[in-house]
Structure formats: C-alpha cells, structure tokens
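Participant: any chance you could fold what I've pasted below:
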Amino acid sequence: MVANIISDKVVHDSHFELVIILFALFLISFLILGNARGATAGEPLDSNVKSKTPIKHVIVISQGKRSFDNYFGTFPGANGIPMNLSVPLNPFPPPVEKFSVAAWFKTNNSLSKNGFLVNKGGIGVDTPGKNLNFGIWMNPMGNIVAGFESKNGTDYTVGSNHKYNNGKWHNTIVTYDGNALKLFMDGNLSGSVLTRGAAPDFSGTQSPRIGSNSLRPDSFFTGFVDEVRVWNRTLESREIFDGYTNNTFDASGQIYYLSFENNGKKNDGNEVATPKSIRPELNGIYLNGSVYQDVSPNSLQYTKYIKPYHLEKTKTLAPYDGSSAYKLSYNKDKMNGFLLAQISNRHDPTLVMGYYDDKQLPYYWKLASEFVLADNFFAPTMETGLANHVYLYTAAPADYQKNVSFRGLIDLNNTIFDELQANRVPWKVYVQNYDPRLNYTNDDLTKNRYVNLLPAIPRFVENKTLNSNIVDLVQYFRDLRSDNFPAVSYIVAPNYDESSPKDFSVGQRFVSSLVLALMKSKHWSDSCFIITFREPGGWYDHVAPPIVDGNQYGFRVPTLIISPFAKKSYIDSTFYDVTSILKFVEYNFGLQPLSTRDANANNMLNAFDFAQELRKPMALNYNSSQYEILRNGIMDRSGESVYMVKIVYLIILCVIPATGVVLWRLQRGKEKLQFIRSSEHKN
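Facilitator: Take a look at the predicted model:
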C-alpha cells in the first residue's frame, strides 16, 4: 500500500516537473520568437498617436540617383524636356593662345571709361582664371585698344593712333601669333607690339561678352556692334584686307560668328567708312551703356550638340556624378555643362541625355498617373552622397563629413527619429538583410552603412530602446498584418537601389511590391507612401535649381506621393526637397523642426485632398503570383529561413538537456520505488 502511494507520488512529481520544464521551454521559445521578430524593448510608445491629418502612417523610401527628366521627362503634363532642346558637348569657347578677333562698330559717344566691344576673361582681378584671354575696347579718347593678360596678370596691349567715335561704321581686328600682337582698323595695320612669347590666360570659363567686361558687368560700350567673329588662328594681312573690303572670310578655325541678323535693328543710313556697294548691311545690336550680351553656345561653330533620346536598356553604365560634375553641369544657371562634365571625367557624354518612359517604368508611371507626381522636387545640395543623404535624417548639412567616405562614425546630433522617440511616436527603420553587427564599431563590415545612417550613430547602437526600432525588412510585411504598424517608417534596401549601373527595373518592381503590400493591408486607409531619390546621379535635367537663403539646391529628382488622400492624377509643382518630407512628418505628428531648413521648407499638404472620398487601392498589373513570388523572395533574402533555423536550433538546445533531466528524474524515481518495494518484501 505504501509502495503504491509512493509510486504514485514519484510518477506525479516527475510529471509535474516535466510540465514545469515544458512550460519553461515554451516561455523561452516565446521570448526568443518575440526578440527575433523585432519586438520593441524598453518603455512602450504610444500606439494611438493623434495626427493633424487623417494620415497615421508615413512610409519613406529613397532609391538612389536619378534625375526627374531621366524618369519623367516625357510624362504628360509635367515640366519635362522642352521641345527641340539640345545641349552642346562644350558650352565654353575653347581657350585661345593664338587668335584673331573681328568686329564692326559705330558710335558717336565719348565714354567716361573704357568700353568693351568684345572680350573673354575680363579685367580687374589679376587672378589666374580671371584674366583677359582676349579683348577689344574703346578708351575715353575714342581710340581702339586690344590685347590680353597673361596668367600672372601682366597686360599686353596695342592701340590705334586715330579716334573712331565719329558716328560711322568701322571694322577692327586684333591678331596674336604667339609673338606679335597686331591691331587692324578698316583693313589696314594700325599698330603692333612684340610680346616675347607671352601666353594669354586661357584657364577661365567665362563666356565671351559683347558690350561689357566679361568678368563682371562694368566697362560698358555705348553704340552699335555687329559681325563679331573669333578664330583660334592668326589671320594674314591680305586675308584681313580682303575680308574688310568684300566681307568674305575663311571659316577655317572660326570658333563663333555673330551676325545679329534677327535683332530687328536697321542701319540708320549713315555712311560706312568704305563704299556702301561692297559693304554688308550693318544692323548690329545697340548697347546703351548699361546692357551687354553674352555669347550663347548656339553661336559656337566648333562644337556638336546632343538631343535627349529614349533609352531602351534598363541597365546602363553610371554617369560621373561628383560635386564638381554637378557644378559644371549647372554652369552658373545655364544648365548646359552636362556633357562637358562627363567628357572632363572620361565618361560617355551622350549617356546622360537618355531618358525612360512608361515602357521601362510602367509601375512608376502608373502610380504617377493615379496619384501625385512632384515635378519641382530638388536634391537638397549641389554636393553628392552623404551631404545629401543626411538631410533626410536631420534636415541639416554635415559639412564636416562631405569629404569623408560612408564609413565609420557619423555622430549626428539630432535626427527625426530622436524627435519621434521623445514624443512617443512609434517609428521603425526597415533594413534589407539587416545585420546588427554592421555599425560604427566594426571597420571591416561596411555594407548598409551610408544608406542606413543610424548604425553609424552610437546612441542608436548602444541604446536598446532605440536600437530595437531598427529591424529587418521582413518585419515590414509582418507589421502590415498587425496592429503595430509604426507611425513613421523608413525603408532601406541597398540591393534594390536604382542608381546606375544597377538595373532600375528590379528596384521599381521591389518598391511597387512595398506599395502593393500596403494597399492590400488594413493600414492603407490612413497611410502615405513617399518614393524619392537622393540626387540626380549625373543624369540631365533642364530645370535650374534655385538658391534660397544662400542655400544652393541640387537638380530635380523624381518623387511620388501615394495615399488614399492624395489628389488624383495630380502634378504638384510646389517647390520641395527632402526637408519638406520632414516638415510634413513634423506637422502631422506635432514635432518641433530639426533645423531652420525644415522649419522654412514647404509642407507637402498641397499633394493631398483630405475632403475627398478615400482612394481605393489600384491595380498595378501585378498578378497575385508575381506579387507573392517577389514578396516571398524578399522574406527569404531578408533572413526568414535563417530565423526559422535559429528558432529550431535554440529549441533543440533547450529540449536536449531538459529531456535528460526528466529521464534522470524518472530513473531515480524508478530506483527509489524498487528499493521501497524490496524493503516491504523483506519485512
């Protein structure tokens, strides 16, 4: 009897221990599962944050380097590529060491100081690159003077003996053969000076200018100027005389020729210096002493022009896109240096004029046609890389880092995520193939560094609460199925970046899958998905970026605003950059501005109509199987299989010793029971 009671107790105790151990295993597995799935550590954030609009979720993705014209230059209704546009291979007349410069002029004015007929390089600084490459001007006495400056600012000039402000048309030509500087007036030699081989300063990029100092607007000429020609060779005396009498010149070596035929001004009837029968009709442009005309690239006869053209391939070489290339492309607001920027860096100059349309961008063009396309959205700076990328996180420049690679410590003082955290607004950064080891402490592992700035900031690595909000991309799809989808999300996917030389069609399909997943979820009805790009990447764009409060913006980039509250088929031409995205987030969730840049930025409210009927999800011509294949592929590549292996492995590690303990306890109980029974039998 006693043995039976003890036996029952031993078995009961063993079963009880087994239950306790299994419960502990379940609890451990649950905790492991929760941690592996990106559960938030630390104090929970407010999941019922109120917003100033019906939008409760803002998702942002920046897809690398593309210009607006490259993606949407032919999109109907947008500010796209102008008709008949062409860009010169080189917008600057080549520098001349040996030259001939000719012009017709007429004036009866006495100038208060020198007045330039034509010049390149200008005067007044004596700095290499800002010295006179060539020039012809009239002095206050009415004499014509011509010459150049060397790189160190030494002047070389030759002048006429007679005055030419007599109200008649006159022809002037200056030549330089590398040794002698000569001035011809009305076909005859008027003066000559030896230079001992001095070379003109030809390192400047100023445009040739008619009627004023090309370095800055001063030294204005008052009168008519016509038939301006420049050669990069020295005309002979006979050639000059024949050209004057017959107005026929050999165009060999002629850099540009301005005839001013369409200026609408007519000869006033005054006699020219030689018989009218052999003289061309001289109309010219009239300069009133305060105006001038720069020589446009269209006047250049030495260069070729490239028109925008349709690209068929979605994978191309990468254009050169350094900050120097951006500034040369910009060319002081002229927007004609894109090809030269590529040539200067030994890249294909024609590639950057290529553009895509709905054939290569079906999903983006479909989204643009249904929702909002921003056609006045600029990169935040004329720099490249990190200098632009930090604006999406901080709304402020990182000047101290602009010449530093995307590696190591980038300890930004304050980010949008610091503000979200401080105001208890839920946020996450979803990172493709996220590896927590890839942070500022590891110099060897650099992947995902610059595209996801947070691991380069110590507090986002060391603070568990902050760090728990940086999760693998697979969590995005899980969160869409839950009630814990964050208020603000950034998506970081370096493998799907659309910068050349990557095939952007892969990135387009990926981004579309993210949008489609949102549309299929219960969170679509109160969300906004913003697709933008960091910078243009060297690709052509025809709109000159503005300068605001001393800040020079970069070229336009494609940006789409997708939401059930987005206006339908709307081209939003409001001036935006990425700080406008931050401005919208700050406005929507009641945050303080990060800097003066986002405080002064235009909010993106113009893209929305909150009074309209909610927009239903749209079809992207993505069939279900395509979507699931892509989505499952993302989850597999994002660590889903690795995650399951880890769970199984950890559970097995726990079960093996636990099972051993249970078996050992059962064996001890069995031995104890046999001992008791043996004792009873002896008794």
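
Participant: show me the helices in the stretch 501-650 of the chain, by range?
Facilitator: With DSSP state H, counting those that start in this stretch as the criterion, the stretch 501-650 of the chain has helices at 504-520, 578-589, 596-600, 624-637, 640-682.

Participant: mind telling me which of those the model trusts least?
Facilitator: Among these, helix 624-637 carries the lowest mean pLDDT, at a mean of 47.

Participant: what ranges do the helices span in the stretch 1-150 of the chain?
Facilitator: Secondary structure of the stretch 1-150 of the chain (DSSP H, counting those that start in this stretch): helices at 2-36, 68-72.

Participant: er, the stretch 351-500 of the chain I mean
Facilitator: Applying DSSP H, counting those that start in this stretch to the stretch 351-500 of the chain gives helices spanning 362-370, 386-389, 391-394, 416-422, 458-462, 464-467, 474-480.

Participant: dump those helices to JSON lines, plus mean pLDDT, distance to K52 and mean neighbour count.
Facilitator: C-beta coordinates here come from the backbone N, C-alpha and C atoms, glycine included. Formatted as JSON lines, these follow (pLDDT from 0 to 100; distance: least, C-beta to C-beta, whole Å; neighbours: other C-beta atoms under 10 Å):
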{"stretch": "helix 362-370", "mean pLDDT": "96", "distance to K52": "25", "mean neighbour count": "20"}
{"stretch": "helix 386-389", "mean pLDDT": "86", "distance to K52": "28", "mean neighbour count": "22"}
{"stretch": "helix 391-394", "mean pLDDT": "94", "distance to K52": "21", "mean neighbour count": "23"}
{"stretch": "helix 416-422", "mean pLDDT": "97", "distance to K52": "15", "mean neighbour count": "20"}
{"stretch": "helix 458-462", "mean pLDDT": "92", "distance to K52": "27", "mean neighbour count": "16"}
{"stretch": "helix 464-467", "mean pLDDT": "96", "distance to K52": "25", "mean neighbour count": "15"}
{"stretch": "helix 474-480", "mean pLDDT": "97", "distance to K52": "23", "mean neighbour count": "21"}
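
Participant: save those as TSV, and put in distance to G121 too.
Facilitator: Shown next, in TSV, are the helices of the stretch 351-500 of the chain (distance: least, C-beta to C-beta, whole Å):
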stretch	distance to G121
helix 362-370	46
helix 386-389	32
helix 391-394	37
helix 416-422	47
helix 458-462	51
helix 464-467	56
helix 474-480	57
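
Participant: for L215, find the nearest of those helices.
Facilitator: For L215, the closest of the helices of the stretch 351-500 of the chain is helix 386-389, at 29.6 Å, according to C-beta to C-beta.

Participant: count residues in the vicinity of the closest residue to Y570 other than its chain neighbours, would you?
Facilitator: In space, and not counting its chain neighbours, Y570 is closest to V372: 4.8 Å by C-beta to C-beta, 6 or more residues apart in numbering. By the measure other C-beta atoms under 10 Å, the count of residues near V372 is 24.

Participant: V372 reaches P558, doesn't it?
Facilitator: No - using C-beta atoms under 8 Å, V372 makes no contact with P558, being 11.9 Å away.

Participant: how about the residue nearest the centre of the chain: what's its closest non-neighbour residue?
Facilitator: Centroid check for the chain by C-alpha atoms, centre = their mean gives E535 as the closest residue, at 1.3 Å. Leaving aside its sequence neighbours, E535 sits nearest to A379 (C-beta to C-beta, 6+ apart; 4.4 Å).

Participant: verify the stated contact: the one you found with P558.
Facilitator: No - counting by C-beta under 8 Å, A379 sits too far from P558 to count as a contact (11.1 Å).

Participant: name the residue in the two with the higher neighbour count.
Facilitator: Between A379 and P558, counting by other C-beta under 10 Å, A379 is the more crowded of the two (28 against 25).

Participant: ok, that one - contacts?
Facilitator: For A379, the contacting residues are N388, F533, R534, E535, P536, P545, Y553, G554, F555, R556, V557, D577, by C-beta atoms under 8 Å, 6 or more residues apart in numbering.
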